[in-house]
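Q: Output the structure for:
(one chain, ligands or ions: 1)
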Amino acid sequence: MSENLTSVAERIIVALDYPNAREAEALVGSLEGIPCYLKVGMQLFYSEGPQFVAGLKEKGYNVFLDLKMHDIPNTVKGGAESITRLGVDMFNVHAAGGKQMMEAAREGVDKAWTGAGRNGKRPLLIAVTQLTSTSQATLNDEIGIAGTVEEAVVRYAELTRSAGLDGVVASALEVVRIKEACGAGFVTVTPGIRPAGADIGDQSRIMTPSQAFAQGTDFVVIGRPITGAVDPRAALEAIVASI
Ligand SMILES: O=c1ccn([C@@H]2O[C@H](COP(=O)(O)O)[C@@H](O)[C@H]2O)c(=O)[nH]1
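A: Numbers count the residues shown, from 1 in each chain. Okay, here's the model as predicted:
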């Protein structure tokens, strides 16, 4: 893989949404040699636990642990400490938990990091703004939050930044506004990515991979368009080539 393609692949986070290690490992094996990020979400983590994450780290992958913590500050602080000790590269909380909760998560990272006397990279700590499955109608009519989705996302992003976190999860549609409000260095991680013609499924706020990078996103998260493909490696390579 050329240097250019490698740097694109490193910004693609493949979502390992599988029920068990066997199926997830088969996918990871099929992607061997492609330096993508891997995301472990609740389905896989709740069934396979920290051991599976450790295995990915041993193979040299960057790992995003997507557990979206949302609880009282003290509980989230403890969770953040434990996750940091797993050695993951990125993990998240819900911005809806509020500033004090997000600050507690950051303190948890600090405590585990300094306590372990670690060298090297700290995990990126990011917050979910509005899920990419949430539409304008869902936000206003079901959840009961007034205003546009973009306004809600930017408000959460600003709160996240004020709590000292590294960035947010949002849709690529909001990246430009987030960067304007929070600065270019504030990390954006964008799921809801669908190559042209791909099934949208339960996502609502979507963009293609190339559109997302054109908006200035730092990372895209892609699951089913890769994991559901007949040839996942070819699907990922085609996405990399399209960017
Ligand atoms: O707002 C959010 C936050 C997280 N996700 C996660 O990303 C992947 C997307 O998978 P697809 O199969 O490409 O839809 C999935 O693991 C979600 O839990 C999200 O979609 N939106």
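Q: how deep is residue 140 tucked in, by neighbour count?
A: 15 (other Cβ atoms under 10 Å). (C-beta placed from N, C-alpha, C; glycine too.)
Q: any idea what sits nearest it, other than its immediate chain neighbours?
A: Distance criterion Cβ to Cβ, 6 or more residues apart in numbering; nearest residue to residue 140, sequence neighbours excluded, is residue 146 at 6.4 Å.
Q: now residue 184
A: Leaving aside its sequence neighbours, residue 184 is closest to residue 216 (7.7 Å, by Cβ to Cβ, 6+ apart).
Q: was I right about that neighbour contacting residue 178?
A: No: with contact defined as Cβ atoms under 8 Å, residue 216 does not count as touching residue 178 (9.2 Å).
Q: Between the two, which contacts overlap?
A: residue 188 (Cβ atoms under 8 Å, 6 or more residues apart in numbering).
Q: hmm, back to that, in terms of helix, strand or coil, where does the residue nearest to residue 140 fall?
A: Assigned with DSSP: H, G, I helix; E, B strand; the rest coil, residue 146 falls in the coil class.
Q: How many neighbouring residues does it have?
A: 8.
Q: Next, give phi and psi for residue 90.
A: Backbone torsions of residue 90, given as degrees, to the nearest 10, read phi -160, psi 140.
Q: try residue 157
A: Torsion angles, degrees, to the nearest 10, at residue 157: phi -60, psi -40.
Q: which residues does it contact?
A: Contacts of residue 157 by Cβ under 8 Å, 6+ apart are 95, 129, 168, 170, 174, 178, 181-182, 186.
Q: Buried ones only from these, please, as a ChimeraX command.
A: Here is the ChimeraX command that selects the buried residues among the contacts of residue 157 (16 or more other Cβ atoms under 10 Å):
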select :95,129,168,170,174,178,182,186
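Q: Same list (the contacts of residue 157) but as a markdown table, adding secondary structure.
A: Below are the contacts of residue 157 laid out as a markdown table (three-state DSSP):
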| residue | secondary structure |
| --- | --- |
| 95 | helix |
| 129 | coil |
| 168 | strand |
| 170 | coil |
| 174 | helix |
| 178 | helix |
| 181 | helix |
| 182 | helix |
| 186 | coil |
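Q: got JSON lines for the contacts of residue 157, with distance to residue 10 and pLDDT too?
A: Output for the contacts of residue 157, formatted as JSON lines (distance: Cβ to Cβ, whole Å; pLDDT from 0 to 100):
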{"residue": "95", "distance to residue 10": "25", "pLDDT": "98"}
{"residue": "129", "distance to residue 10": "23", "pLDDT": "98"}
{"residue": "168", "distance to residue 10": "20", "pLDDT": "99"}
{"residue": "170", "distance to residue 10": "20", "pLDDT": "99"}
{"residue": "174", "distance to residue 10": "23", "pLDDT": "98"}
{"residue": "178", "distance to residue 10": "21", "pLDDT": "99"}
{"residue": "181", "distance to residue 10": "26", "pLDDT": "98"}
{"residue": "182", "distance to residue 10": "22", "pLDDT": "98"}
{"residue": "186", "distance to residue 10": "19", "pLDDT": "98"}
